[in-house]
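Colleague: Provide a 3D model corresponding to the input given below.
(4 chains)
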Protein chains: 2
Amino acid sequence: MKKLSRKERERIARRELIIDTAEEVISNYGFEGATMDAVAEKAELGKGTLYLHFKSKASIYLAICERGSKKLNQLMSKVLAEDLKGIDMIKKLGMVYLDFVKTYPIYFSAFNYYENLIGEEKLAGSELAAQCEEYAREAMAYIVRALQVGMQDGSIKDSYDPRELGLIIWGASKGVVHIAFLKEKKEHMKILDDVSFSLESLVKNFIELIGSGMRSDDHKS
Amino acid sequence: MKKLSRKERERIARRELIIDTAEEVISNYGFEGATMDAVAEKAELGKGTLYLHFKSKASIYLAICERGSKKLNQLMSKVLAEDLKGIDMIKKLGMVYLDFVKTYPIYFSAFNYYENLIGEEKLAGSELAAQCEEYAREAMAYIVRALQVGMQDGSIKDSYDPRELGLIIWGASKGVVHIAFLKEKKEHMKILDDVSFSLESLVKNFIELIGSGMRSDDHKS
DNA sequence: TCAAAATATGACCAATAGTCAGTAAATGAA
DNA sequence: TTCATTTACTGACTATTGGTCATATTTTGA
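Modeller: Below you'll find the model as predicted:
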(Lines give C-alpha, C1' and ligand atoms only; values in the text may rest on other atoms or scores of the structure.)
Protein backbone atom coordinates (compact mmCIF):
# COMPACT_ATOMS: atom_id res chain seq x y z
CA MET A 1 0.00 0.00 0.00
CA LYS A 2 2.81 2.37 0.86
CA LYS A 3 4.46 1.67 -2.46
CA LEU A 4 1.33 2.27 -4.46
CA SER A 5 0.77 5.42 -2.51
CA ARG A 6 4.18 6.78 -3.41
CA LYS A 7 3.68 5.98 -7.08
CA GLU A 8 0.37 7.63 -6.94
CA ARG A 9 1.91 10.73 -5.41
CA GLU A 10 4.59 10.80 -8.08
CA ARG A 11 2.01 10.48 -10.77
CA ILE A 12 0.07 13.38 -9.37
CA ALA A 13 3.26 15.44 -9.03
CA ARG A 14 4.04 14.86 -12.73
CA ARG A 15 0.57 15.92 -13.63
CA GLU A 16 0.83 19.06 -11.56
CA LEU A 17 4.21 19.80 -13.08
CA ILE A 18 2.69 19.64 -16.53
CA ILE A 19 -0.15 21.94 -15.58
CA ASP A 20 2.23 24.38 -13.90
CA THR A 21 4.41 24.43 -16.99
CA ALA A 22 1.46 24.84 -19.31
CA GLU A 23 0.26 27.83 -17.29
CA GLU A 24 3.70 29.33 -17.60
CA VAL A 25 3.96 28.78 -21.34
CA ILE A 26 0.45 30.08 -21.90
CA SER A 27 1.23 33.17 -19.86
CA ASN A 28 4.12 33.87 -22.20
CA TYR A 29 2.65 32.92 -25.55
CA GLY A 30 -1.12 32.96 -25.09
CA PHE A 31 -3.52 30.05 -25.48
CA GLU A 32 -3.11 30.03 -29.25
CA GLY A 33 0.63 30.39 -29.29
CA ALA A 34 1.41 27.75 -26.70
CA THR A 35 2.56 24.50 -28.31
CA MET A 36 2.79 21.04 -26.85
CA ASP A 37 6.45 20.90 -27.85
CA ALA A 38 7.14 24.07 -25.90
CA VAL A 39 5.38 22.72 -22.82
CA ALA A 40 7.24 19.42 -23.10
CA GLU A 41 10.59 21.13 -23.41
CA LYS A 42 10.00 23.55 -20.56
CA ALA A 43 8.82 20.71 -18.32
CA GLU A 44 11.88 18.69 -19.40
CA LEU A 45 9.71 15.83 -20.54
CA GLY A 46 9.23 14.05 -23.83
CA LYS A 47 6.16 15.12 -25.71
CA GLY A 48 4.76 11.63 -25.50
CA THR A 49 4.80 11.87 -21.72
CA LEU A 50 2.33 14.73 -21.84
CA TYR A 51 -0.08 12.40 -23.54
CA LEU A 52 0.29 9.81 -20.79
CA HIS A 53 -1.33 12.32 -18.47
CA PHE A 54 -3.65 14.23 -20.79
CA LYS A 55 -5.44 12.94 -23.80
CA SER A 56 -5.20 16.23 -25.70
CA LYS A 57 -4.06 19.81 -25.59
CA ALA A 58 -7.61 20.83 -24.76
CA SER A 59 -7.46 18.53 -21.74
CA ILE A 60 -4.57 20.46 -20.30
CA TYR A 61 -6.48 23.68 -20.78
CA LEU A 62 -9.45 22.11 -19.06
CA ALA A 63 -7.22 21.07 -16.19
CA ILE A 64 -6.14 24.68 -15.81
CA CYS A 65 -9.77 25.65 -15.90
CA GLU A 66 -10.52 23.13 -13.20
CA ARG A 67 -7.78 24.52 -10.97
CA GLY A 68 -9.14 28.00 -11.40
CA SER A 69 -12.72 26.97 -10.67
CA LYS A 70 -11.62 25.19 -7.54
CA LYS A 71 -9.71 28.21 -6.33
CA LEU A 72 -12.58 30.57 -7.05
CA ASN A 73 -15.05 28.32 -5.29
CA GLN A 74 -12.87 28.22 -2.20
CA LEU A 75 -12.87 32.00 -2.10
CA MET A 76 -16.61 32.14 -2.63
CA SER A 77 -17.35 29.60 0.04
CA LYS A 78 -15.51 31.73 2.58
CA VAL A 79 -17.85 34.62 1.87
CA LEU A 80 -20.84 32.37 2.42
CA ALA A 81 -19.44 31.45 5.82
CA GLU A 82 -19.31 35.08 6.95
CA ASP A 83 -22.04 36.64 9.00
CA LEU A 84 -23.39 39.12 6.50
CA LYS A 85 -26.70 40.32 5.19
CA GLY A 86 -27.57 38.59 1.94
CA ILE A 87 -27.22 41.75 -0.08
CA ASP A 88 -23.75 42.32 1.32
CA MET A 89 -22.80 38.74 0.57
CA ILE A 90 -23.74 39.31 -3.05
CA LYS A 91 -21.64 42.46 -3.13
CA LYS A 92 -18.73 40.71 -1.53
CA LEU A 93 -19.01 37.79 -3.97
CA GLY A 94 -18.72 40.35 -6.75
CA MET A 95 -15.61 41.88 -5.25
CA VAL A 96 -14.09 38.46 -4.66
CA TYR A 97 -14.66 37.60 -8.28
CA LEU A 98 -13.07 40.82 -9.44
CA ASP A 99 -10.11 40.23 -7.21
CA PHE A 100 -9.78 36.68 -8.47
CA VAL A 101 -9.73 37.78 -12.08
CA LYS A 102 -7.08 40.38 -11.38
CA THR A 103 -4.92 38.00 -9.39
CA TYR A 104 -5.19 35.05 -11.76
CA PRO A 105 -5.86 36.43 -15.21
CA ILE A 106 -4.87 33.14 -16.76
CA TYR A 107 -7.78 31.39 -15.07
CA PHE A 108 -10.14 33.97 -16.40
CA SER A 109 -8.82 33.31 -19.89
CA ALA A 110 -9.13 29.59 -19.27
CA PHE A 111 -12.78 30.00 -18.34
CA ASN A 112 -13.42 31.82 -21.58
CA TYR A 113 -11.56 29.15 -23.46
CA TYR A 114 -13.70 26.51 -21.82
CA GLU A 115 -16.92 28.27 -22.64
CA ASN A 116 -15.94 28.65 -26.25
CA LEU A 117 -15.43 24.91 -26.42
CA ILE A 118 -18.91 24.16 -25.19
CA GLY A 119 -20.96 23.09 -28.12
CA GLU A 120 -17.95 22.25 -30.26
CA GLU A 121 -17.64 18.57 -29.36
CA LYS A 122 -14.02 18.12 -28.23
CA LEU A 123 -14.96 18.00 -24.59
CA ALA A 124 -17.77 15.51 -25.01
CA GLY A 125 -17.52 12.82 -22.38
CA SER A 126 -14.48 14.37 -20.79
CA GLU A 127 -13.92 13.73 -17.12
CA LEU A 128 -12.39 17.16 -16.71
CA ALA A 129 -15.22 18.93 -18.48
CA ALA A 130 -17.66 17.24 -16.13
CA GLN A 131 -15.60 18.42 -13.17
CA CYS A 132 -15.52 21.99 -14.48
CA GLU A 133 -19.25 21.85 -14.91
CA GLU A 134 -19.65 20.64 -11.38
CA TYR A 135 -17.59 23.54 -10.06
CA ALA A 136 -19.63 25.97 -12.11
CA ARG A 137 -22.77 24.51 -10.65
CA GLU A 138 -21.31 24.92 -7.20
CA ALA A 139 -20.43 28.57 -7.83
CA MET A 140 -23.96 29.14 -9.01
CA ALA A 141 -25.24 27.49 -5.85
CA TYR A 142 -23.26 29.95 -3.71
CA ILE A 143 -24.86 32.88 -5.44
CA VAL A 144 -28.33 31.43 -5.12
CA ARG A 145 -27.67 30.66 -1.47
CA ALA A 146 -26.62 34.26 -0.81
CA LEU A 147 -29.77 35.48 -2.52
CA GLN A 148 -31.89 33.20 -0.39
CA VAL A 149 -30.15 34.46 2.71
CA GLY A 150 -30.92 38.00 1.60
CA MET A 151 -34.57 37.17 0.94
CA GLN A 152 -34.72 35.61 4.37
CA ASP A 153 -33.12 38.48 6.23
CA GLY A 154 -35.12 40.97 4.25
CA SER A 155 -32.23 42.68 2.49
CA ILE A 156 -33.21 41.41 -0.96
CA LYS A 157 -36.59 41.59 -2.67
CA ASP A 158 -38.27 38.20 -2.76
CA SER A 159 -40.19 38.97 -5.91
CA TYR A 160 -37.52 37.34 -8.07
CA ASP A 161 -36.87 33.63 -8.35
CA PRO A 162 -33.48 33.24 -6.65
CA ARG A 163 -32.21 30.81 -9.27
CA GLU A 164 -33.14 33.02 -12.13
CA LEU A 165 -31.75 36.07 -10.37
CA GLY A 166 -28.59 34.07 -9.61
CA LEU A 167 -28.10 33.28 -13.26
CA ILE A 168 -28.59 36.91 -14.17
CA ILE A 169 -26.13 38.13 -11.59
CA TRP A 170 -23.60 35.54 -12.60
CA GLY A 171 -23.85 36.32 -16.28
CA ALA A 172 -23.89 40.06 -15.82
CA SER A 173 -20.94 40.00 -13.43
CA LYS A 174 -18.91 37.97 -15.85
CA GLY A 175 -19.82 40.31 -18.67
CA VAL A 176 -18.83 43.43 -16.78
CA VAL A 177 -15.60 41.98 -15.48
CA HIS A 178 -14.86 40.66 -18.95
CA ILE A 179 -15.24 44.02 -20.58
CA ALA A 180 -13.27 45.74 -17.85
CA PHE A 181 -10.61 43.09 -18.27
CA LEU A 182 -10.28 43.70 -21.99
CA LYS A 183 -9.60 47.29 -21.17
CA GLU A 184 -6.57 46.33 -19.13
CA LYS A 185 -4.99 44.51 -22.03
CA LYS A 186 -3.88 47.65 -23.73
CA GLU A 187 -3.85 47.82 -27.54
CA HIS A 188 -7.16 47.67 -29.34
CA MET A 189 -10.58 48.28 -27.87
CA LYS A 190 -10.38 51.97 -28.31
CA ILE A 191 -14.00 52.24 -27.23
CA LEU A 192 -12.63 51.55 -23.82
CA ASP A 193 -9.94 54.15 -24.10
CA ASP A 194 -12.64 56.78 -24.21
CA VAL A 195 -13.75 55.60 -20.83
CA SER A 196 -11.16 56.20 -18.21
CA PHE A 197 -12.68 54.24 -15.37
CA SER A 198 -10.84 51.59 -13.48
CA LEU A 199 -11.94 48.03 -13.30
CA GLU A 200 -12.76 48.65 -9.64
CA SER A 201 -14.91 51.64 -10.30
CA LEU A 202 -16.77 49.81 -13.01
CA VAL A 203 -17.46 46.75 -10.94
CA LYS A 204 -18.39 48.73 -7.85
CA ASN A 205 -20.88 50.79 -9.80
CA PHE A 206 -22.26 47.67 -11.39
CA ILE A 207 -22.78 46.09 -8.00
CA GLU A 208 -24.38 49.30 -6.83
CA LEU A 209 -26.66 49.34 -9.86
CA ILE A 210 -28.00 45.84 -9.57
CA GLY A 211 -27.90 46.16 -5.81
CA SER A 212 -30.38 48.98 -5.84
CA GLY A 213 -32.50 46.99 -8.29
CA MET A 214 -32.82 43.97 -6.06
CA ARG A 215 -32.69 45.63 -2.65
CA SER A 216 -35.97 45.33 -0.83
CA ASP A 217 -37.75 48.63 -0.29
CA ASP A 218 -37.35 48.72 3.46
CA HIS A 219 -33.59 48.63 3.00
CA LYS A 220 -33.43 51.42 0.48
CA SER A 221 -31.38 54.40 1.53
CA MET B 1 -14.74 54.04 -65.64
CA LYS B 2 -17.57 51.62 -66.48
CA LYS B 3 -15.09 48.79 -66.94
CA LEU B 4 -13.32 49.40 -63.69
CA SER B 5 -16.67 49.61 -61.99
CA ARG B 6 -17.74 46.23 -63.25
CA LYS B 7 -14.50 44.64 -62.16
CA GLU B 8 -14.90 46.22 -58.83
CA ARG B 9 -18.41 44.81 -58.49
CA GLU B 10 -17.20 41.36 -59.45
CA ARG B 11 -14.44 41.58 -56.94
CA ILE B 12 -16.87 42.48 -54.20
CA ALA B 13 -19.22 39.70 -55.26
CA ARG B 14 -16.38 37.17 -54.98
CA ARG B 15 -15.58 38.47 -51.57
CA GLU B 16 -19.18 38.23 -50.44
CA LEU B 17 -19.40 34.72 -51.85
CA ILE B 18 -16.44 33.69 -49.76
CA ILE B 19 -17.91 35.19 -46.61
CA ASP B 20 -21.30 33.59 -47.31
CA THR B 21 -19.67 30.23 -47.80
CA ALA B 22 -17.53 30.60 -44.71
CA GLU B 23 -20.62 31.37 -42.65
CA GLU B 24 -22.22 28.24 -44.01
CA VAL B 25 -19.24 26.01 -43.32
CA ILE B 26 -18.80 27.46 -39.85
CA SER B 27 -22.46 26.86 -39.11
CA ASN B 28 -21.96 23.21 -39.95
CA TYR B 29 -18.57 22.55 -38.42
CA GLY B 30 -17.98 25.32 -35.90
CA PHE B 31 -15.25 27.92 -35.91
CA GLU B 32 -12.61 25.37 -34.99
CA GLY B 33 -13.75 22.68 -37.37
CA ALA B 34 -14.10 24.87 -40.43
CA THR B 35 -11.09 24.50 -42.75
CA MET B 36 -9.96 26.70 -45.56
CA ASP B 37 -10.07 23.71 -47.92
CA ALA B 38 -13.69 23.11 -47.02
CA VAL B 39 -14.58 26.73 -47.66
CA ALA B 40 -12.71 26.73 -50.96
CA GLU B 41 -14.41 23.57 -52.14
CA LYS B 42 -17.88 24.68 -51.13
CA ALA B 43 -17.36 28.05 -52.81
CA GLU B 44 -16.02 26.20 -55.89
CA LEU B 45 -12.82 28.17 -55.78
CA GLY B 46 -9.18 27.23 -55.49
CA LYS B 47 -7.79 27.68 -52.03
CA GLY B 48 -5.31 30.22 -53.29
CA THR B 49 -8.19 32.38 -54.44
CA LEU B 50 -9.36 32.76 -50.88
CA TYR B 51 -6.03 34.33 -50.09
CA LEU B 52 -6.43 36.86 -52.89
CA HIS B 53 -9.31 38.29 -50.91
CA PHE B 54 -8.32 37.61 -47.30
CA LYS B 55 -4.87 37.50 -45.88
CA SER B 56 -5.69 34.78 -43.35
CA LYS B 57 -8.38 32.57 -41.94
CA ALA B 58 -8.78 34.98 -39.05
CA SER B 59 -9.48 37.73 -41.59
CA ILE B 60 -12.49 35.87 -42.90
CA TYR B 61 -13.76 35.48 -39.37
CA LEU B 62 -13.24 39.17 -38.81
CA ALA B 63 -15.17 39.90 -41.98
CA ILE B 64 -18.06 37.88 -40.59
CA CYS B 65 -17.72 39.82 -37.39
CA GLU B 66 -17.83 43.06 -39.32
CA ARG B 67 -21.00 42.03 -41.13
CA GLY B 68 -22.62 41.18 -37.83
CA SER B 69 -21.58 44.43 -36.19
CA LYS B 70 -22.93 46.39 -39.10
CA LYS B 71 -26.24 44.58 -38.97
CA LEU B 72 -26.56 45.03 -35.23
CA ASN B 73 -25.75 48.71 -35.44
CA GLN B 74 -28.43 49.24 -38.06
CA LEU B 75 -30.95 47.67 -35.74
CA MET B 76 -29.75 49.75 -32.82
CA SER B 77 -29.80 52.99 -34.75
CA LYS B 78 -33.48 52.43 -35.55
CA VAL B 79 -34.28 52.31 -31.87
CA LEU B 80 -32.48 55.58 -31.32
CA ALA B 81 -34.64 57.16 -34.00
CA GLU B 82 -37.84 56.22 -32.19
CA ASP B 83 -39.63 58.63 -29.95
CA LEU B 84 -39.16 56.92 -26.63
CA LYS B 85 -38.19 57.78 -23.09
CA GLY B 86 -34.51 57.06 -22.49
CA ILE B 87 -35.24 54.24 -20.10
CA ASP B 88 -37.47 52.58 -22.68
CA MET B 89 -34.82 53.01 -25.35
CA ILE B 90 -32.40 51.14 -23.13
CA LYS B 91 -34.92 48.38 -22.63
CA LYS B 92 -35.62 48.19 -26.31
CA LEU B 93 -31.91 48.11 -27.14
CA GLY B 94 -31.66 45.11 -24.84
CA MET B 95 -34.51 43.32 -26.58
CA VAL B 96 -33.07 44.15 -29.98
CA TYR B 97 -29.78 42.66 -28.94
CA LEU B 98 -31.45 39.51 -27.68
CA ASP B 99 -33.38 39.19 -30.87
CA PHE B 100 -30.24 39.72 -32.92
CA VAL B 101 -28.39 36.97 -31.08
CA LYS B 102 -31.25 34.54 -31.56
CA THR B 103 -31.65 35.35 -35.23
CA TYR B 104 -27.96 35.33 -36.11
CA PRO B 105 -26.23 33.06 -33.64
CA ILE B 106 -23.20 32.86 -35.89
CA TYR B 107 -22.55 36.55 -35.47
CA PHE B 108 -22.71 36.22 -31.76
CA SER B 109 -20.10 33.46 -31.95
CA ALA B 110 -18.05 35.62 -34.27
CA PHE B 111 -18.08 38.45 -31.73
CA ASN B 112 -16.80 36.11 -29.08
CA TYR B 113 -14.16 34.84 -31.44
CA TYR B 114 -13.08 38.39 -32.12
CA GLU B 115 -12.84 39.27 -28.47
CA ASN B 116 -10.74 36.24 -27.73
CA LEU B 117 -8.31 37.39 -30.38
CA ILE B 118 -7.84 40.76 -28.77
CA GLY B 119 -4.55 40.77 -27.00
CA GLU B 120 -3.19 37.83 -28.98
CA GLU B 121 -1.51 39.78 -31.78
CA LYS B 122 -2.87 38.27 -35.02
CA LEU B 123 -5.20 41.18 -35.64
CA ALA B 124 -2.59 43.85 -35.08
CA GLY B 125 -2.78 46.43 -37.82
CA SER B 126 -5.70 44.73 -39.51
CA GLU B 127 -8.04 46.90 -41.52
CA LEU B 128 -10.96 44.68 -40.60
CA ALA B 129 -10.15 44.70 -36.91
CA ALA B 130 -10.12 48.48 -37.00
CA GLN B 131 -13.52 48.45 -38.68
CA CYS B 132 -14.92 46.07 -36.07
CA GLU B 133 -13.60 48.30 -33.36
CA GLU B 134 -15.24 51.28 -34.99
CA TYR B 135 -18.58 49.49 -35.06
CA ALA B 136 -18.19 48.52 -31.42
CA ARG B 137 -17.50 52.13 -30.58
CA GLU B 138 -20.61 53.12 -32.49
CA ALA B 139 -22.76 50.60 -30.63
CA MET B 140 -21.42 51.93 -27.38
CA ALA B 141 -22.27 55.44 -28.53
CA TYR B 142 -25.91 54.42 -29.10
CA ILE B 143 -26.19 53.14 -25.56
CA VAL B 144 -24.61 56.25 -24.11
CA ARG B 145 -26.87 58.40 -26.24
CA ALA B 146 -29.96 56.59 -24.97
CA LEU B 147 -28.76 57.07 -21.42
CA GLN B 148 -28.25 60.76 -22.02
CA VAL B 149 -31.73 61.01 -23.49
CA GLY B 150 -33.06 59.33 -20.35
CA MET B 151 -31.16 61.66 -18.07
CA GLN B 152 -32.52 64.56 -20.06
CA ASP B 153 -36.13 63.43 -20.02
CA GLY B 154 -35.87 62.46 -16.39
CA SER B 155 -36.45 58.75 -16.82
CA ILE B 156 -32.91 57.79 -15.79
CA LYS B 157 -30.96 58.86 -12.71
CA ASP B 158 -28.28 61.36 -13.57
CA SER B 159 -26.07 60.35 -10.69
CA TYR B 160 -24.12 57.97 -12.93
CA ASP B 161 -21.65 58.92 -15.61
CA PRO B 162 -23.44 57.92 -18.81
CA ARG B 163 -20.30 56.50 -20.37
CA GLU B 164 -19.48 54.40 -17.39
CA LEU B 165 -23.07 53.26 -17.06
CA GLY B 166 -23.08 52.49 -20.78
CA LEU B 167 -20.08 50.26 -20.45
CA ILE B 168 -21.68 48.46 -17.53
CA ILE B 169 -24.93 47.92 -19.37
CA TRP B 170 -23.15 46.75 -22.46
CA GLY B 171 -20.97 44.28 -20.58
CA ALA B 172 -23.73 43.01 -18.37
CA SER B 173 -26.11 42.56 -21.29
CA LYS B 174 -23.56 40.59 -23.20
CA GLY B 175 -22.88 38.44 -20.18
CA VAL B 176 -26.51 37.64 -19.56
CA VAL B 177 -27.28 36.93 -23.19
CA HIS B 178 -24.13 34.86 -23.40
CA ILE B 179 -25.09 32.66 -20.52
CA ALA B 180 -28.63 32.33 -21.74
CA PHE B 181 -27.27 31.46 -25.15
CA LEU B 182 -25.07 28.67 -23.81
CA LYS B 183 -28.17 27.20 -22.33
CA GLU B 184 -29.72 26.88 -25.75
CA LYS B 185 -26.85 24.83 -27.06
CA LYS B 186 -27.99 21.70 -25.34
CA GLU B 187 -25.40 19.26 -24.02
CA HIS B 188 -23.23 20.41 -21.16
CA MET B 189 -23.86 23.32 -18.85
CA LYS B 190 -26.00 21.30 -16.52
CA ILE B 191 -26.06 24.26 -14.16
CA LEU B 192 -28.38 25.76 -16.63
CA ASP B 193 -30.58 22.71 -16.85
CA ASP B 194 -31.58 23.28 -13.27
CA VAL B 195 -32.91 26.61 -14.33
CA SER B 196 -35.81 26.27 -16.67
CA PHE B 197 -36.15 29.87 -17.72
CA SER B 198 -36.21 30.95 -21.28
CA LEU B 199 -33.71 33.31 -22.79
CA GLU B 200 -36.53 35.85 -23.00
CA SER B 201 -37.50 35.58 -19.40
CA LEU B 202 -33.89 35.90 -18.33
CA VAL B 203 -33.19 38.94 -20.41
CA LYS B 204 -36.47 40.63 -19.52
CA ASN B 205 -35.82 40.19 -15.85
CA PHE B 206 -32.30 41.44 -16.28
CA ILE B 207 -33.54 44.54 -18.00
CA GLU B 208 -36.09 44.97 -15.26
CA LEU B 209 -33.41 44.58 -12.62
CA ILE B 210 -30.98 47.12 -13.94
CA GLY B 211 -33.89 49.27 -15.04
CA SER B 212 -35.11 49.68 -11.50
CA GLY B 213 -31.55 50.39 -10.43
CA MET B 214 -31.06 53.27 -12.79
CA ARG B 215 -34.59 54.61 -12.96
CA SER B 216 -34.87 58.02 -11.39
CA ASP B 217 -36.96 58.13 -8.25
CA ASP B 218 -39.79 60.18 -9.68
CA HIS B 219 -40.35 57.46 -12.27
CA LYS B 220 -40.41 54.57 -9.81
CA SER B 221 -43.63 52.60 -9.72
C1' DT C 1 -4.53 39.20 -83.37
C1' DC C 2 -1.72 38.92 -79.69
C1' DA C 3 1.31 40.59 -75.92
C1' DA C 4 0.73 42.20 -71.43
C1' DA C 5 -1.81 42.44 -67.25
C1' DA C 6 -4.91 40.54 -64.09
C1' DT C 7 -6.82 36.60 -62.01
C1' DA C 8 -7.18 31.80 -60.57
C1' DT C 9 -5.26 27.45 -59.21
C1' DG C 10 -3.69 23.37 -56.60
C1' DA C 11 0.69 21.13 -55.69
C1' DC C 12 3.64 22.25 -52.28
C1' DC C 13 5.66 23.91 -47.68
C1' DA C 14 5.74 24.64 -42.63
C1' DA C 15 3.92 24.15 -38.26
C1' DT C 16 1.97 21.47 -34.90
C1' DA C 17 -1.32 18.05 -32.55
C1' DG C 18 -1.16 13.48 -31.69
C1' DT C 19 0.89 8.29 -32.19
C1' DC C 20 3.69 4.38 -31.45
C1' DA C 21 7.53 1.26 -31.70
C1' DG C 22 11.36 1.03 -29.16
C1' DT C 23 14.09 2.12 -24.76
C1' DA C 24 14.87 2.69 -19.92
C1' DA C 25 13.57 2.16 -15.23
C1' DA C 26 11.29 0.08 -11.46
C1' DT C 27 9.58 -4.04 -9.37
C1' DG C 28 9.60 -8.28 -7.12
C1' DA C 29 10.15 -13.37 -7.33
C1' DA C 30 13.77 -16.88 -7.22
C1' DT D 1 22.03 -10.62 -6.81
C1' DT D 2 19.69 -11.69 -11.10
C1' DC D 3 16.53 -11.39 -14.41
C1' DA D 4 11.84 -11.49 -16.31
C1' DT D 5 7.92 -8.63 -16.29
C1' DT D 6 5.54 -4.63 -15.81
C1' DT D 7 5.49 0.28 -15.96
C1' DA D 8 7.05 4.71 -17.49
C1' DC D 9 9.22 7.46 -20.90
C1' DT D 10 10.78 9.06 -25.39
C1' DG D 11 11.29 11.47 -29.81
C1' DA D 12 11.03 10.24 -34.64
C1' DC D 13 7.11 9.86 -37.34
C1' DT D 14 2.23 10.76 -39.32
C1' DA D 15 -1.75 13.50 -40.44
C1' DT D 16 -3.93 17.69 -40.72
C1' DT D 17 -4.30 22.22 -42.04
C1' DG D 18 -3.03 27.27 -42.68
C1' DG D 19 -0.63 29.62 -45.99
C1' DT D 20 2.60 30.24 -50.49
C1' DC D 21 3.93 30.45 -55.15
C1' DA D 22 5.13 28.99 -59.83
C1' DT D 23 2.17 28.05 -63.48
C1' DA D 24 -2.01 28.31 -66.17
C1' DT D 25 -6.03 30.76 -67.66
C1' DT D 26 -8.68 34.73 -68.75
C1' DT D 27 -9.27 39.50 -69.74
C1' DT D 28 -7.77 43.69 -71.67
C1' DG D 29 -6.78 46.99 -75.09
C1' DA D 30 -3.65 48.39 -78.66
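
Colleague: Burial check on A:Glu208, number of neighbours?
Modeller: Around A:Glu208 there are 15 other residues, counting by other C-beta atoms under 10 Å in any protein chain shown. Yep, even glycine has a C-beta here, placed from its N, CA and C like the rest.

Colleague: Show me what the helix ranked longest in chain A is packed up against.
Modeller: Secondary structure assigned by DSSP state H gives helix A:2-33 as the longest helix of chain A. Under the contact criterion of 3 or more C-beta pairs under 8 Å, 6 or more residues apart in numbering or on different chains; DSSP states H and E, helix A:2-33 touches helix A:36-42, helix A:47-53, helix A:57-81, helix A:105-117.

Colleague: could you redo the last one with a cut-off of 10 Å?
Modeller: Applying 3 or more C-beta pairs under 10 Å, 6 or more residues apart in numbering or on different chains; DSSP states H and E, we find helix A:2-33 packed against helix A:36-42, helix A:47-53, helix A:57-81, helix A:105-117, helix B:105-117.

Colleague: need the ones you listed in CSV with mean neighbour count and distance to B:Gln148, can you?
Modeller: Below are the helices and strands packed on helix A:2-33 laid out as CSV (neighbours: other C-beta atoms under 10 Å in any protein chain shown; distance: least, C-beta to C-beta, whole Å):
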stretch, mean neighbour count, distance to B:Gln148
helix A:36-42, 17, 49
helix A:47-53, 15, 54
helix A:57-81, 19, 36
helix A:105-117, 20, 32
helix B:105-117, 20, 25
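
Colleague: so which of these comes closest to DNA strand D?
Modeller: DNA strand D sits nearest to helix A:47-53 of all these, at 1.9 Å, using C-beta to the nearest atom of the strand.

Colleague: quick check, that closest one touching DNA strand D?
Modeller: Yes: using C-beta under 7 Å from any atom of the strand, helix A:47-53 reaches DNA strand D at A:Lys47, A:Gly48, A:Thr49, A:Tyr51, A:Leu52.

Colleague: which residues touch the last one?
Modeller: For A:Leu52, the residues meeting the contact criterion (C-beta atoms under 10 Å, 6 or more residues apart in numbering or on different chains) are A:Arg11, A:Arg14, A:Arg15, A:Ile18, A:Leu45, A:Gly46.

Colleague: mind putting the residues of helix A:47-53 next to DNA strand D in CSV, pLDDT and distance to DNA strand C included?
Modeller: Formatted as CSV, those follow (pLDDT from 0 to 100; distance: C-beta to the nearest atom of the strand, whole Å):
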residue, pLDDT, distance to DNA strand C
A:Lys47, 97, 5
A:Gly48, 97, 3
A:Thr49, 97, 8
A:Tyr51, 98, 4
A:Leu52, 97, 8
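
Colleague: what residue ranges in chain A score low on pLDDT?
Modeller: Chain A contains residues with pLDDT under 70 at A:1-4, A:119, A:121-124, A:185-196, A:217-221.

Colleague: Spell out which residues of it are next to DNA strand D.
Modeller: So chain A meets DNA strand D at A:Lys7, A:Arg11, A:Arg14, A:Glu44, A:Leu45, A:Gly46, A:Lys47, A:Gly48, A:Thr49, A:Tyr51, A:Leu52 (C-beta under 7 Å from any atom of the strand).

Colleague: ok, which pair from these is furthest apart?
Modeller: Spatially, the most separated pair among the residues of chain A next to DNA strand D is A:Lys7 and A:Lys47, at 22.5 Å (C-beta to C-beta).
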